[in-house]
Structures are given as C-alpha cells and as structure tokens.
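S.K.: Model the following, please.
(2 chains)
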Amino acid sequence: MPDLLEPLAYEFFVRGLVAATLAGGLCGLLGVFIVLRRMSYIGHGLSHAVFGGAVVSYVIGINFYIGAGLWGFLSAVLINLTSRRRTIGADAAIGIITTASFALGVLLISRYSGFTRSFDAALFGSILGVDDRDLLILAGVTTLSTAFVFFGYKQLLFNTFDPEVAPFYGVRSGMLDTIFALVLASAIIASMRILGVTLIAAAIVIPPICARLVTDSFSRMLALSAALGAFNGFAGLYLSYFLDSSSGATIVLLGAAGFCLALIYAAARERVAGMRRTLPAPAPAREEPSIVYD
Amino acid sequence: MRGTPLVTISHLDAGYQHQPVIEDVNLTIMQGDFVGVVGPSGSGKTTLLRALLGAAHIFSGEIDIAGRPPGHADVRVGYVPQLETVDWHFPVTVEEVVMMGLAARSGYLPWSNVRHRAAAREVMHRLGIENLRGRQIRALSGGQQQRVFLARALVSEPRMLLLDEPTSGVDIKTRDDILHLLDDLNHGGLTIVLTTHELNAVAAHLPWVVCVNGRVIAEGPPERVFTPEILRRTYKAEMNVIVHNGMTLVAEMPHRFGRSDKRDDEFEAAGAALRGGRGA
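M.R.: Below you'll find the predicted structure:
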C-alpha cells in the first residue's frame, strides 16, 4: 500500500499539484466556450502557435511570457479575423496560422541547438519546471479569467449561442471575442509548463464535453467543466507520481477515462428516458379505403 | 396616407464586401406598419433586413430610423433570425434565451435583476410559453421555438420587429398561429417587417407587401401588388393569381394536373382556363 501523503513532502510536488489543479480548472472553464462555438481545434492550434512564439522569444532573448503571450494573442486574433471570412472557415484558419507558427518554432530549433531539454518540457509538460513565478502567473490568469467569465457571463452566453445576432441586441461581440482570445492565449501559456503544448488541447476539450454529456444547462456545464478539469489536474498529477509517468499525459488520460464514463452515463440516461416514454397508441383499423374511385 | 414614417430608405445600394445585393432602394415604413418583403432566393430580402440592423455594407444612399442611422443604440430594433441558423443542441433553456434580449442592459452580474426577470416572465406569459421556461430549446415544437425567439426580441422593447422568414419550415397551422400572433402584436402598435416565401400567407394576413429582386419592384396592399405582371417581374416566372371570395391566391403554373391519364382532358381544360387569367 503506497503512502498517499508521501508526495506532499516534496515542495516541488505541492507546487505542481496546485498548478495542475489551477491549469485543469482554467482550461475546463474556457473550454466550454470553445466547444460550444465548435472551435475545439483552436486549443490544439493555439498551443502550437504559442510554441513557435516561445522559441522565437528564446532566440531573440526576451521573456518567455511576454514573447509567447504576444505571439499567442496575435495568433488568436488572426484566427478570429480569418475565420469570420466565410470562404475560409474557422478550422482552416486555425490550421494555416498555427501550423505555420509551430513550423517556425521547429525551424528555429533545428537552426539553434542548446535548448532541446527545456522544449521537451514545453512539448509534453513537466512539474519540475514550475517555479513560484509560474505559479503566481497561473493564479493571476485563473483569477482574471474567472472574473471575465463571471462578469461577462450574460454577454458571453449570448455571443457563444448566437454570435451573428448578439450584436443586434447591443452585445459588443468583437470586443468580447478579442478579450476572449487574449484570455485563452494567456491560459494556454500559463498552463503550458504543466500540461505541455501537445496535450493542452485535450485539457481544453475533454472536461466541457464530459460536462455537456451530463447536463443541458449552460451554467451547470460551466461549473462542472471547471470542476472536472481541476479534478483531472489534481488526481492526474497525483497518479503520475505513483505511476512515474508524464504529468500531462496522465492528466489527459484521466480525462479521457472520465469521458468514457460520461458517455456510458449519457447512453444509459437516454435508454432509461426512452423506456419511460409511453409507446404511441396503435393506429385505429381503417374502416373504409382512403381512396374512393368512381 | 398610412401614418408617420418610422423608416425612410433613400437610394440605397447595400450588400456585403464589394458586392451590392440591392440597388437604388427607396422605401418608407410607417409607424405601426406590418410589412411583408417577398422575392426569390438571393433577391436581397435578408440584405434589406440586415441593412435596417446596420449589419450590411451601405455603398450609397441613406437609411433613417426615427431620425437615427441603423444600428444606433437609441433605436431599439428586435430581430428574429431564421430558425435554421439556431444551434438547437446548445445547452440553454427557454428562459435563458428570452433573457438574452436584455443581456447588454442588465449589468455585469451573472444573474438578472427582479425587474428584468419579471419583464421576461410577462413576455413569455403573453406568448404562451411561460410554462416551458425551464425546457431546453430542442425539446420544443416548431411553433414554440419561434415564440421563444419572438419573446427574446420583444423583451428588449423594440420600436420595430424584423423577422427573417419566420414561417419557414413550419406546418400550415403553426404558420397561421405565428402570423396571427404577429398581427396581434402589430395591433398593439408594434411596427413589423418580415421576409417570407409564403405569398398566400402574406396575401391573407399582411396589409402591405414589398416585392424585391435586387431592387424594389412594387409595394402596396397584396391585392394590388400580387398581379401576374408584378410577380413575373419579381420571380422571373409565370404565376397565376386567383381571386376567390375576396381572397387573393397565388398559384404556380402546373406542368400537368392530376395523376390519372383518363382525366387529362378535364385537367387540360382547367389549366387552359387558369392560363387565360380567369380570376386574375
């Protein structure tokens, strides 16, 4: 029987645990808007774009958060603007902009040697890389993102449900989309060290989908998705200590297991609802033909 | 005279990006009007509505709504989109959709204040959907769904209501109910403009019709506007107009009547009589 409290004796682990819980909850919260706007690919794309920005900021010698943040925000705004052109579509816009950015990062890595190890951590996530400053930034981004969702709830709901019509009712859609892009880019950058570029998309998409499978209410979906994301972060990291596995991969796999459970629950609920439905009464026997010929 | 003008459109060229869809539109919508905009697909009906909302690109000309440009915050315009564009799987209840009509005016807290909740309840009650307020929107009939979006528009207390094809995809009874409901709202003083493909429904329910095909072809009461000549110019197709017991009915020109070969002569004669413009 392993000592469950053993990892808590390590300061780096406790810091990582707090970071993973915050990152999971943050991604789960923002993921609701992404999944409901049917832009699930944006998390995947944006994290890859941020990777390009991270490499560029390393090469030109500026702070990671500033360089990657600016890069991620510009990518998100560019995706937003491009996806509004109906001839292109959101998925294609995300594909082009973010893979180009990722490719730039890969190209720079191949040209400059010496930072392979730190970028392994950026790609796949590592709690060893989390320091107090990272934790502070993550806590700050989580607080600001939660405040944005809380105070913008009604307008965000309308803008997510009906983005074409919301501006006609006074909702400042363009401004909301731009702020959301900024918040999302910040969340991805702040979570990158824990979850890794390649796995962050799953942390954004899986909790809201699980929540959607078990509730038909938007507010409950938001709360549940954030809670599930936080749980996946907390339990996934704890599990990774005992399994000696990658933190990001374990968090995502735990989320995937939760998704399977939610799927089974939704199927069972649908089956029960179907059984409860009253069967329609049989059609009365036809007493005379429906077509009368002369 | 029909009353005082609410909307004045002068020499309007409007469309999207670099492409005008409607050209040289001159139109006046009076306070309390109930106007149906008809025309073939792609004729610019929706563009005209979007121009009134300030959402279309205006190349030249002017729109004046109660002394303000379209999209101005002082002019409240309620808009009901085509229901085909709605994501019915979105996790949102009837009441939440109705409350969206007040989203920009009800502060920054996630919950609505008592006054706005009461306003939403009152509108839902008026439209007969109050008992459905906790239902997810997918679990409603076509008529109920239309009422939900109508309630969202009404709760914003608009001066004018714009509806994009409110009768599309619903059965004849629901269509009739929706048009009667709109008629009631119009009698309450609300100015209503809707687009539709249902010419006979327009003829039966609406006092004013505008025929559009890239520009305004004609406007006026349906019994005067629905003539074979105006419909031919609007739709680029031959249509029959029959006046029966005071009702104006628009019928398509049939290729062949009936199913039985034995009755061909009879049907041919009936078709010939129609083509001869018996009631037109």
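S.K.: Okay, buried residues for stretch B:144-163 please.
M.R.: Under the neighbour-count criterion of 16 or more other C-beta atoms under 10 Å in any protein chain shown, stretch B:144-163 has B:144-156, B:158-163 buried. For the C-beta atoms, the positions are set from N, CA and C on the backbone; glycine is no exception.
S.K.: pLDDT (mean, whole number) over that stretch?
M.R.: When pLDDT is averaged along stretch B:144-163, the result is 93.
S.K.: Please apply the same query to stretch A:195-204.
M.R.: Averaging pLDDT residue by residue across stretch A:195-204 gives 82.
S.K.: Now the residue of chain B at minimum distance from chain A: phi and psi?
M.R.: When you check chain B against chain A by C-beta to the nearest C-beta, the closest residue turns out to be B:Ala104, at 3.1 Å. Dihedral angles of B:Ala104 (phi, psi; degrees, to the nearest 10) stand at phi -80, psi -10.
S.K.: That one is in contact with A:Leu156, isn't it?
M.R.: No: assessed by C-beta atoms under 8 Å, B:Ala104 is found out of contact with A:Leu156, at 11.9 Å.
S.K.: quick one, which of the two is more surrounded?
M.R.: Looking at B:Ala104 and A:Leu156 with other C-beta atoms under 10 Å in any protein chain shown, you find the greater number of neighbours at A:Leu156, namely 24 against 18.
S.K.: check contacts around that one.
M.R.: Residues touching A:Leu156, when contacts are defined by C-beta atoms under 8 Å, 6 or more residues apart in numbering or on different chains, comprise A:Phe33, A:Val149, A:Leu176, A:Phe180.
S.K.: Tell me the confidence at the last one?
M.R.: Pointing back at A:Phe180 there. In the predicted model, A:Phe180 carries a pLDDT score of 90.
S.K.: Pull the number of nearby residues for A:Leu138.
M.R.: Counted with other C-beta under 10 Å, the neighbours of A:Leu138 add up to 26.
S.K.: Okay, and it sits in which element?
M.R.: Element membership of A:Leu138, judged by DSSP states H and E, is helix A:132-151.
S.K.: Could you give the average pLDDT over that helix?
M.R.: 94.
S.K.: near chain B, which residues of the stretch 1-150 of chain A show up?
M.R.: For the stretch 1-150 of chain A, the residues in contact with chain B (C-beta under 8 Å from any C-beta of the partner chain) are A:Leu36, A:Phe150.
S.K.: Sketch out the helices for the stretch 1-150 of chain A, chain order is fine.
M.R.: Under the criterion DSSP state H, counting those that start in this stretch, the stretch 1-150 of chain A carries helices at the ranges A:11-36, A:41-60, A:64-83, A:90-111, A:116-124, A:132-151.
S.K.: Nearest spatial neighbour of the residue of chain B closest to chain A, chain-adjacent residues omitted?
M.R.: Excluding the flanking residues, the one nearest B:Ala104 by C-beta to C-beta, 6 or more residues apart in numbering or on different chains is A:Gly170, at 3.1 Å.
S.K.: sorry, back to before: from the contacts of A:Leu156, which two are the most distant?
M.R.: In terms of C-beta to C-beta, these reach their longest pairwise distance at A:Val149 and A:Leu176, which sit 11.2 Å apart.
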